[in-house]
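Participant: what's the 3D shape of this:
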Amino acid sequence: MLTDNFLSNFWQGFAVEDFYIDRDKLRIKLIPHKTACCGRCGLMGNSIHDISERKVRDLSCFEYKTYLIIQVRRVNCLVCGVRTEHIPWLAPYSRVTKRLKNYTEALCRILPISHVSNLLGLHWTTVKDIDKGRLIREVTEPDYSRIKQLVMDEFALHKGHRYATVIADANTQQVLWIGEGRARKNIRPFFEELGEYCQNIEAVAMDMNTSFDLEVKEHCPHAEVVYDLFHVIAKYGREVIDRVRVDRANELKEDKKARKVVKQGRWLLLKNKSNLRGSQEIKLQELLQANKPLAVVYMMKQALKDIWFCPTVKEAFNNWRYWFKQVKESGIKPLENFARKLRPYVRGILASSKFPLNTSVLEGMNNKIKVIKRMAYGYRDSTYFFLKIRDAFPGKP
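Facilitator: Below is the predicted model of the structure:
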């Protein structure tokens, strides 16, 4: 009897009727006290409508997984009618105790769901639902009235060209919103949610995505679109440097040694000069000295980057005009084609002088997003995945 009283202290309102061990499982049968409490209004009463049996998981006891077999009653409440009784340590309709739920939430803060599932012997979906409930409670909604500048970018959601768009506060780095897709209609819900505060937005940094550009201009009339340096230079590397390098390698078919040097010089040409290590800088100089077209496009890349760091819009515009003039005089077709396609976006490039924004913050976020996704081996619930991302980036105070 003493053992029963001791065990009963773990489950308020119930007494232990019996328990037994079956391999790695501890099964405890609980019976309720005479009085019952309405689960809605809390009124005490003795009139029981019916009784059902429920199997519930609790925290493991030593090496044994603990299962509770409890009698759950529905009471005839004078105020609410027929209601399930209130059980302090068990949420309505739940199959796990609050004690186990709290422990699962704590583990999900530091471990992948699959690990927590294996550790506790709970189904993956059960663990996910518990953690999702925690995130819904804890992820704070942004204060849109304080937001002046935004950064927007996209990341791969699944294989097969499925993407999601992430929007963050440029100043606090708080993730404000995430939505599936990267088309204009996909980001429209964010601006509808932003509402009247769209008038406060001064600048939005993004890559050269026309759909993003048009949507921002429609909803945020006072905002300047700032095109991100990283995306433009990455595009320059693919469309200009790589194209010229391949063309030059094709011209050197007869000289296998020189051709090999050009083909293997891709990363030397794409790397920032400050990131070159050891003999890489010497190899780059040798490559550029032996190949004039490569030297020209490499120097033009640095000149293009300098436009983003001009102190005034006027100086940036002058640099752009001079750069564009040099492009036309170079006679290098891939470079001329790139400059012609870049010309309609020049306003967004010049805007970086007034609003020194970029999406490098989001590039760092994307790396962490990949880690979150990889830890779970992918997410089957996009809403939950987006909550995990917002929880990981609550913003700076």
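
Participant: got the domain boundaries for the chain?
Facilitator: Following automatic domain parsing, the chain resolves into domains at 1-95, 96-138, 144-228+357-392, 229-353.

Participant: show me where the stretch 51-200 of the chain has strands.
Facilitator: 64-77, 81-84, 149-158, 162-169, 175-180 (DSSP state E, counting those that start in this stretch).

Participant: okay, buried residues for the shortest one please.
Facilitator: By neighbour count, and taking 16 or more other C-beta atoms under 10 Å as the criterion, the buried residues in strand 81-84 are 83-84. Using the backbone N, CA and C atoms, a C-beta is placed for each residue, glycine as well.

Participant: likewise for the first one?
Facilitator: Along strand 64-77, these residues count as buried under the neighbour rule (16+ other C-beta under 10 Å): 65-70, 72-77.

Participant: picking that back up, by mean pLDDT, show me the worst of the strands of the stretch 51-200 of the chain.
Facilitator: Mean pLDDT per stretch puts strand 149-158 lowest among those, at a mean of 86.

Participant: wait, what's in contact with the closest residue to Leu214 other than its chain neighbours?
Facilitator: Excluding its sequence neighbours, the residue lying closest to Leu214 (C-beta to C-beta, 6 or more residues apart in numbering) is Arg184, at 6.1 Å. For Arg184, the contact set (C-beta atoms under 8 Å, 6 or more residues apart in numbering) comprises 211-212, 214-215.

Participant: try 10 Å
Facilitator: If you count contacts by C-beta atoms under 10 Å, 6 or more residues apart in numbering, Arg184 has them with 209-216, 218.

Participant: out of those residues, which are inside helices?
Facilitator: 210-216, 218 (DSSP state H).

Participant: can I get these in TSV including neighbour count?
Facilitator: Shown next, in TSV, are these (neighbours: other C-beta atoms under 10 Å):
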residue	neighbour count
Thr210	10
Ser211	17
Phe212	23
Asp213	19
Leu214	12
Glu215	21
Val216	23
Glu218	12
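
Participant: now for those residues: which two are most distant?
Facilitator: Using C-beta to C-beta, those reach their maximum pairwise distance at Thr210 and Glu218, which is 12.6 Å.

Participant: please look at Ala303 and Arg321 and confirm they touch.
Facilitator: No: applying C-beta atoms under 10 Å as the test, Ala303 and Arg321 come out as separate, 12.0 Å apart.

Participant: neighbour count: the two, which is higher?
Facilitator: Neighbours per residue (other C-beta atoms under 10 Å) separate Ala303 from Arg321, with Ala303 holding more: 14 against 11.

Participant: wait, a helix at the more buried one?
Facilitator: Yes: under DSSP: H, G, I helix; E, B strand; the rest coil, Ala303 sits within a helix.

Participant: can you pull the contacts of it?
Facilitator: By C-beta under 10 Å, 6+ apart, Ala303 lies in contact with 319-320, 322-323, 326-327.

Participant: quick one on the thing from earlier: how about the strands of the stretch 51-200 of the chain in JSON lines, adding distance to Glu239?
Facilitator: Listed next are these as JSON lines, based on distance: least, C-beta to C-beta, whole Å:
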{"stretch": "strand 64-77", "distance to Glu239": "59"}
{"stretch": "strand 81-84", "distance to Glu239": "65"}
{"stretch": "strand 149-158", "distance to Glu239": "19"}
{"stretch": "strand 162-169", "distance to Glu239": "21"}
{"stretch": "strand 175-180", "distance to Glu239": "28"}
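
Participant: among the ones you listed, which comes closest to Val244?
Facilitator: strand 149-158 (28.0 Å).

Participant: buried residues of that closest one, list them for me.
Facilitator: For strand 149-158, by 16+ other C-beta under 10 Å, it's 149-155, 157.

Participant: pick the one among the residues you listed closest to Gly133.
Facilitator: The closest of the buried residues of strand 149-158, once distances to Gly133 are taken by C-beta to C-beta, is Leu157, at 22.8 Å.

Participant: state the number of residues packed around the residue lying closest to that closest one once chain neighbours are set aside.
Facilitator: Of all residues not flanking Leu157 in the chain, Ala164 sits nearest, at 4.5 Å (C-beta to C-beta, 6+ apart). The number of residues packed near Ala164 is 21, by other C-beta under 10 Å.

Participant: for Ala164, give me its contacts.
Facilitator: 153-158, 178-182, 186, 369, 382, 385-386, 389.

Participant: recalculate using a threshold of 7 Å.
Facilitator: Counting by C-beta atoms under 7 Å, 6 or more residues apart in numbering, Ala164 touches 154-155, 157, 178-180.

Participant: from those, pick the one nearest Lys341.
Facilitator: Taking C-beta to C-beta as the measure, Lys341 lies nearest Glu154 of these, at 19.7 Å.

Participant: dig out what the closest one forms beta bridges with.
Facilitator: Thr165 (DSSP bridges).

Participant: I figured it was touching Thr165, is that so?
Facilitator: Yes: with contact defined as C-beta atoms under 7 Å, Glu154 reaches Thr165; the gap is 5.1 Å.
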